[in-house]
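Trainee: sequence unknown, structure follows:
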């Protein structure tokens, strides 16, 4: 947690964590057990008052299951980012999410299925859905905004970015005992989603006359997508080696110079 103990909203979040006798309680992570005393600088951030009890309509079984799945996926992503995929177990994910150690297996069946759900929600429900939809006009401005948002994700949710790259690495294993065919297939299906969204922006801009008609739309979309993915990996390996905000500003300026219709 950064200085000041503030954190960006999680796409899976519901309400803030509170402090109880069992430890730090999050609606996603449950009671976290610490093997050593917490540093004093964290204590003020974990003394939030419990929200007032307000009568709410009883949730359906489907709604309760959906919330349980969200919390388990979130806990799994945090654990993957912290310790890697091999050391992440279904039982510990269930406990970290505040449920029984057997609930992840009950909901997802096995670890491979949970990993697939993690990757799908990261790419489809979080990463791509956070980008603006293809517009009818001002496509170049929308493309520029999408690039900046993508880069901002690295800084605001580095744990999701780290889990994303680890899951893609897991999906890339071929002809080994660690290979998960289902995860590999899903990665091939959803990984190009960002590229497809960038392609849609460029096609909209070209149709509106904002973007040059003679460019190769597929190449430009691929170049933007892979540049951003490479940037994220570089930043995770060595955060001090790249200025994310500065790179984003320069990259967008260069992209607009190449694509803008004269």
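Mentor: Sure thing, it's come through. Values in this document were obtained by computation on a predicted structure and should not be read as measured data.

Trainee: rest of the way, CA atoms for contacts and neighbours
Mentor: Fine.

Trainee: report the buried residues of stretch 234-243.
Mentor: Of the residues in stretch 234-243, 235-236 count as buried by neighbour count, 16 or more other Cα atoms under 10 Å.

Trainee: run the chain-centre distance for it.
Mentor: Using Cα atoms, centre = their mean, to the nearest Å, the distance from the centre of stretch 234-243 to the centre of the chain it belongs to is 18 Å.

Trainee: then stretch 206-223?
Mentor: Relative to the mean C-alpha coordinate of its chain, stretch 206-223 is positioned 28 Å out (Cα atoms, centre = their mean).

Trainee: quick one: mean pLDDT over that stretch.
Mentor: Per-region confidence: stretch 206-223 scores 95 on mean pLDDT.

Trainee: which residues touch stretch 150-162?
Mentor: With Cα atoms under 8 Å, 6 or more residues apart in numbering as the contact definition, stretch 150-162 has outside contacts at 8, 10, 77-78, 81-82, 122, 127, 131, 228, 232, 236, 244-245, 248.

Trainee: between those residues, identify the one with the most neighbours.
Mentor: When those are compared by neighbour count (other Cα atoms under 10 Å), residue 77 ends up highest, at 27 neighbours.

Trainee: tell me the pLDDT at the residue nearest to it when sequence neighbours are not counted?
Mentor: Here the nearest residue to residue 77 in space, its sequence neighbours aside, is residue 163; by Cα to Cα, 6 or more residues apart in numbering that works out to 5.8 Å. pLDDT for residue 163: 94.

Trainee: next one: the host helix or strand of residue 163 to chain centre, how far?
Mentor: Using DSSP states H and E, the secondary-structure element containing residue 163 is helix 158-172. Here helix 158-172 is found 9 Å from its chain centre; the criterion is Cα atoms, centre = their mean.

Trainee: give the buried residues for that helix.
Mentor: In terms of neighbour count (16+ other Cα under 10 Å), helix 158-172 has its buried residues at 158-168, 170-172.

Trainee: for the chain, which segments count as helices?
Mentor: Read by DSSP state H, the chain holds these helices, from start to end of the chain: 40-43, 61-83, 90-96, 103-108, 111-120, 139-156, 158-172, 181-190, 193-207, 217-237, 244-259.

Trainee: tell me how far the nearest residue to residue 82 once chain neighbours are set aside lies from residue 203.
Mentor: Sequence neighbours aside, residue 159 is the residue nearest to residue 82 in space, at 7.8 Å (criterion: Cα to Cα, 6+ apart). Summarising the geometry, the distance separating residue 159 from residue 203, computed by Cα to Cα, to the nearest Å, is 33 Å.

Trainee: equivalent analysis for residue 157, please.
Mentor: Distance, residue 157 to residue 203, by Cα to Cα: 30 Å.

Trainee: who's more crowded, these two?
Mentor: With neighbours defined as other Cα under 10 Å, residue 157 and residue 203 compare such that residue 203 has more, 21 against 15.

Trainee: residues in contact with the closest residue to the more buried one other than its chain neighbours?
Mentor: Distances taken as Cα to Cα, 6+ apart put residue 217 closest to residue 203, at 6.9 Å, once the chain neighbours are dropped. Counting by Cα under 8 Å, 6+ apart, residue 217 makes contact with 199, 202-203.

Trainee: can I see the domain layout of the protein?
Mentor: The record assigns the chain these domain ranges, following automatic domain parsing: 1-43+62-109, 116-259.

Trainee: ranking those by mean pLDDT, which is last?
Mentor: Across the domains of the chain, the stretch with the lowest average pLDDT is domain 1-43+62-109; it has a mean of 69.

Trainee: burial count for the nearest residue to residue 132 once chain neighbours are set aside?
Mentor: The shortest distance from residue 132 to any residue that is not its chain neighbour, by Cα to Cα, 6+ apart, is 6.5 Å, and that residue is residue 146. Other residues within reach of residue 146 by the criterion other Cα under 10 Å amount to 21.

Trainee: kindly report the same for the one 4 residues further on.
Mentor: For residue 150, the count of nearby residues is 20 (other Cα under 10 Å).
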